[in-house]
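**Student:** I'd like to go over a predicted model; first the sequence, then the structure.
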Amino acid sequence: AQSVTQPDIHITVSEGASLELRCNYSYGATPYLFWYVQSPGQGLQLLLKYFSGDTLVQGIKGFEAEFKRSQSSFNLRKPSVHWSDAAEYFCAVGAPPGGSYIPTFGRGTSLIVHP
Amino acid sequence: DAGVTQSPTHLIKTRGQHVTLRCSPISGHKSVSWYQQVLGQGPQFIFQYYEKEERGRGNFPDRFSARQFPNYSSELNVNALLLGDSALYLCASTPSPGTGELFFGEGSRLTVL
């Protein structure tokens, strides 16, 4: 069964500092990988996704993520954080097409941004 | 274009009652999934429907049921509510299963007293 681990429950950074949120997955083959963001009281919005090909993927709002098969990781990065980036971030893993596609989400990392 | 819409946005019920949550997918999307998000946790998969058929079911008791209508909208029903059912219930749509990205609504916040 697929699973996702986000080891950091909370991350605090200063505005303008760089950011890296960690995500480790468990899946028997190359999975589909996603990062979603959730602002307070809102639904989830997709930041970026990895299906295949280039292991460095670019997303919206200046975010990027790198797929590392050897480490079973898909960490999210941003070079300079803005106060509006404060939110909950979820990593998700899903199986490639061939059947029902049901993403599994991690428990999330809460990003706090200090001015 | 309208995104995924859910209703009601907030509701309060008492233990033992029944609740129905509704979801309208993005136009052209034929698959709907339901997730439960308890405070401080990630979304947990409940159901996936495609073309009115159940395609997947998560580890939830039989008190939880769902259906999808010919216009691809969906309902989630929960019977005999427990305090632990208090959560944000999220609906997500996608053109079909396996296409990757899920498009989420803003959720229905259920409080069980």
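**Tutor:** Yep, it's here.

**Student:** who's in contact with the residue nearest to the spatial centre of chain A?
**Tutor:** By Cα atoms, centre = their mean, chain A has its centre lying nearest to A:Trp35, at 3.2 Å. Contacts here follow Cβ atoms under 8 Å, 6 or more residues apart in numbering or on different chains; on that basis A:Trp35 touches A:21, A:23, A:46-49, A:59, A:63, A:65, A:74, A:76, A:89-92. The C-beta positions use only the backbone N, C-alpha and C, and glycine is treated the same way.

**Student:** burial check on B:Phe64, number of neighbours?
**Tutor:** Neighbourhood size, B:Phe64 [other Cβ atoms under 10 Å in any protein chain shown]: 17.

**Student:** how much space separates it from B:Val19?
**Tutor:** 10 Å (Cβ to Cβ, to the nearest Å).

**Student:** B:Ser96 now?
**Tutor:** Distance, B:Ser96 to B:Val19, by Cβ to Cβ: 28 Å.

**Student:** ok, these two, which is more surrounded?
**Tutor:** Set B:Ser96 next to B:Val19 and count neighbours by other Cβ under 10 Å: B:Val19 wins out with 18 against 13.

**Student:** ok, what's across the strand from the residue nearest to that one when sequence neighbours are not counted?
**Tutor:** Residue nearest to B:Val19 in three dimensions, not counting chain neighbours: B:Val78, with 5.1 Å by Cβ to Cβ, 6 or more residues apart in numbering or on different chains. When bridges are called by DSSP bridges, B:Val78 pairs up with B:Val19, B:Phe64.

**Student:** around chain A, pick out the residues from chain B.
**Tutor:** B:4, B:33, B:35, B:40-45, B:48, B:50, B:55-56, B:58, B:90, B:92, B:94, B:97-107 (Cβ under 8 Å from any Cβ of the partner chain).

**Student:** ok, now with 6 Å
**Tutor:** Contacts of chain B with chain A, taken as Cβ under 6 Å from any Cβ of the partner chain, map to B:41-43, B:45, B:48, B:55-56, B:90, B:97-98, B:100-101, B:104-107.

**Student:** selection in PyMOL covering whichever of those residues are buried, please.
**Tutor:** Entered in PyMOL, the line below selects the buried ones among the residues of chain B next to chain A, by 16 or more other Cβ atoms under 10 Å in any protein chain shown:
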select buried, chain B and resi 42+43+45+48+55+56+90+97+98+100+101+104+105+106+107
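
**Student:** which of the residues of chain B next to chain A sits closest to B:Ser73?
**Tutor:** Set against B:Ser73, the nearest of those by Cβ to Cβ is B:Gly105 (11.5 Å).
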